[in-house]
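Q: structure for the following, please:
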Amino acid sequence: MNSFLEKANGIMDEIVAIRRDIHAHPELGHKEVRTSALIREKLETYGVDEIQSLTETSVVAVIKGKKGHGKCIALRTDIDALPVEEETGLPFASETSGVMHACGHDIHTAMMLGNAKLLCEMRDQFAGTVKLIFQHSEDTFPGGSKELIEQGVMNGVDAILGIHVFPTENDKCGVIGFREGPFTTSADEYLFDITGPGGHGSEPHKVPDPILAAAEMIMMFQQVQARAIAPRDTAIFMMNKIQGGKAPNIISDKVTMVGNARAYTAEARKTIEEYVYRIAEGVEKISGCKIDVHETLGYDACFNDPGLVDWIRPVLGEIIGEDRVEAFPDPMGFSEDFSFYSTLTGVPALFMILQAGTMGEVAPLHNAHCSFNEQAMPYGMAAMTGSAIKFLEQ
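A: Below you'll find the model as predicted:
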């Protein structure tokens, strides 16, 4: 058995206990008080060289190799939970009503603490520095990474790695996948307020109709994907919330709708933005309604550095076995503020997926039934710890 994987398996009892403790006590973004306190306690026990609190509920640990100065690699994890009522039935299910670790951040946090323990024990094997970033509020716009970057968390960092668990059938448990280039989508939100004077349903010719205007906009937005985006690109633009109307015989005076836009390239993202305003302006003129657009630009797309991808493939094959390294043909559909660690700084980044099985039915991320097989965790720890040391050996 590879030494990294053997060492990771050797601390599994402790890491599983930590994971279950965090899972039972989830905390939403910017409220991760108990979680960050637990992280600090464990880091102090493991003997990291430095612990930083760059924001109220994030934690950054620094571990220095004993072979001297060298490069710096950062490993990042997220620690927040989601506003979901857990329905897994697990014995360590959430004890906090309406809050759940439905995205696997409890596993991420526990694995990163495992990385800290292993790296502290292996200090004599590397030169340089490993920076462990326990990031707050990944699942809440605008994301916690921007705050940490503003506080200088990436100063002196030469590369950054991240990993995210994904629910799968158990035969894929422990397999790590990634691809070169765009790996997750960007994520933006658009809110539309469509207003008119309101009127009687028997006199539709006298007042503009916000509901009709909203319907026209929804239909025209579908043309953005079909006609404005190149076929080789992918873009998603959905209206996922719409509210309006008071009674069957009243022409509404207001409709509010909210949409979500996702893209893999900056060009497609910009095209969506341009068409949103063009369509809104056009429908406003033809409908007679007033249309206000409120734009929230969210996360960038994660872009996996080609050099890091080429370097890490054989490294992971050596650490966890070639049969557990998978090249993804397509990028993932979700979004991640891990992207900012690279797009805002220029530091090469690599984001990976740890296929993590399930402890029940396979349910998607952010679902009340979402669960993960803890046997995936040694592979995640070995991959991250081993990759960090191998990077610093260069």
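Q: and the next helix or strand past the longest helix belonging to the chain?
A: As assigned by DSSP state H, the longest helix anywhere in the chain is helix 266-287. Using DSSP states H and E, the helix or strand that follows helix 266-287 towards the C-terminus is strand 290-297.
Q: report all helices and strands that that following strand contacts.
A: strand 188-195, helix 266-287 (3 or more CB pairs under 8 Å, 6 or more residues apart in numbering; DSSP states H and E). From N, CA and C alone the C-beta is placed, and that goes for glycine too.
Q: would you map the helices across the stretch 201-350 of the chain?
A: For the stretch 201-350 of the chain, helices defined by DSSP state H, counting those that start in this stretch occupy the ranges 210-223, 266-287, 306-320, 340-343.
Q: what's the most buried one of these?
A: helix 340-343 (a mean of 22; mean count of other CB atoms under 10 Å).
Q: CA atoms of it as PDB?
A: Output of helix 340-343 as PDB, limited to C-alpha atoms (Å, rounded to 0.1, in the frame of the first residue of the first chain):
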ATOM      1  CA  PHE A 340     -11.600  33.300  -7.400                       C
ATOM      2  CA  TYR A 341      -8.400  32.000  -5.800                       C
ATOM      3  CA  SER A 342      -7.100  31.800  -9.400                       C
ATOM      4  CA  THR A 343      -9.100  34.300 -11.500                       C
END
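Q: chain center to that helix: distance?
A: 13 Å (CA atoms, centre = their mean, to the nearest Å).
Q: packing partners for it?
A: So helix 340-343, by 3+ CB pairs under 8 Å, 6+ apart, packs with helix 145-150, strand 159-166.
Q: tell me what the first one is packed against?
A: To tie it back to what came earlier, the one meant is helix 145-150. strand 129-135, helix 340-343.
Q: I'd like the helices and strands packed on strand 290-297 written out as CSV, with distance to Asp209 and mean pLDDT added.
A: Listed next are the helices and strands packed on strand 290-297 as CSV, based on distance: least, CB to CB, whole Å; pLDDT from 0 to 100:
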stretch, distance to Asp209, mean pLDDT
strand 188-195, 9, 97
helix 266-287, 7, 97
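Q: to Ser339, which of those lies closest?
A: helix 266-287 (11.3 Å; CB to CB).
Q: got a pLDDT number for Thr234?
A: Per-residue pLDDT puts Thr234 at 86.
Q: what sits against the closest residue to it other than its chain neighbours?
A: The shortest distance from Thr234 to any non-neighbouring residue, by CB to CB, 6 or more residues apart in numbering, is to Tyr264 (5.6 Å). Shown in contact with Tyr264 (CB atoms under 8 Å, 6 or more residues apart in numbering): 182, 185-186, 233-234, 301, 331.
Q: scan those residues and report the most crowded one.
A: Thr185 (29 neighbours; other CB atoms under 10 Å).
Q: how about that residue: which residues does it bridge to?
A: Residues in a beta bridge with Thr185, per DSSP bridges, are Ser335.
Q: correct me if wrong: it contacts Ser335.
A: Yes - between Thr185 and Ser335 there is a contact at 5.2 Å, judged by CB atoms under 8 Å.
Q: joint contacts of these two?
A: 262, 301.
Q: including distance to Val207, could the contacts of Tyr264 go into CSV?
A: Output for these, formatted as CSV (distance: CB to CB, whole Å):
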residue, distance to Val207
Pro182, 46
Thr185, 39
Ser186, 38
Asp233, 40
Thr234, 40
Ala301, 42
Pro331, 46
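Q: quick check, nearest of those residues to Gly198?
A: Ser186 (36.9 Å).
Q: list the residues that contact the closest one.
A: Counted by CB under 8 Å, 6+ apart, Ser186 has contacts 261-264, 266, 269, 298-301, 335, 339.
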